[in-house]
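A.B. asks: After the sequence you'll find the predicted model.
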Amino acid sequence: MAVLARTLLGLLDSCNNYFHKRTPWEINKGKDRDEVAETCLVTSNLIRQLAIAFYPLTPYLSTSILAELGDDVKNCLWQSKFKIQLININHARSHFSKLNK
């Protein structure tokens, strides 16, 4: 299980790096709309697949992330292949609480 967790965390880190290098939040500063749309499509679908893969390790978190992406975890777990789809997110929230020292 530790190898799986490290692999998934590495993929999550790569996804995060991809998103930050593509800077989609700069759309109001003249960033190409097609590039921003592509970045958001790729990132949201990778996060969806990672949430499915993380489900055995973090079921509550995975369920919460999939619900935010408009998916039901019960439907996702039975998929046999990677599915790319348009994802509309109306509200995003942090899934982690800030720890105070």
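C.D. replies: Cool, the structure landed.

A.B. asks: tell me which residues in the lowest-mean-pLDDT helix or strand in the chain are buried?
C.D. replies: For the chain, the helix or strand with the lowest mean confidence is helix 73-76, at a mean of 76 (criterion: mean pLDDT, DSSP states H and E). Neighbour-count burial for helix 73-76, with 16 or more other CB atoms under 10 Å as criterion, is recorded at 73, 76. Placement of C-beta: from N, CA and C, glycine included.

A.B. asks: who does that helix touch, helix- and strand-wise?
C.D. replies: helix 33-54, helix 59-68 (3 or more CB pairs under 8 Å, 6 or more residues apart in numbering; DSSP states H and E).

A.B. asks: Out of those helices, which is closest to residue 14?
C.D. replies: The closest of the helices and strands packed on helix 73-76 to residue 14 is helix 33-54. By CB to CB, the value is 8.6 Å.

A.B. asks: Could you list the buried residues of that closest one?
C.D. replies: By neighbour count on 16+ other CB under 10 Å, the buried set for helix 33-54 is 36, 39-40, 43-52, 54.

A.B. asks: relative orientation of that helix and helix 59-68 in degrees?
C.D. replies: Helix 33-54 and helix 59-68 meet at an angle of 150 degrees, taking axes from the mean of the first three to the mean of the last three CA atoms, to 10 degrees as the criterion.
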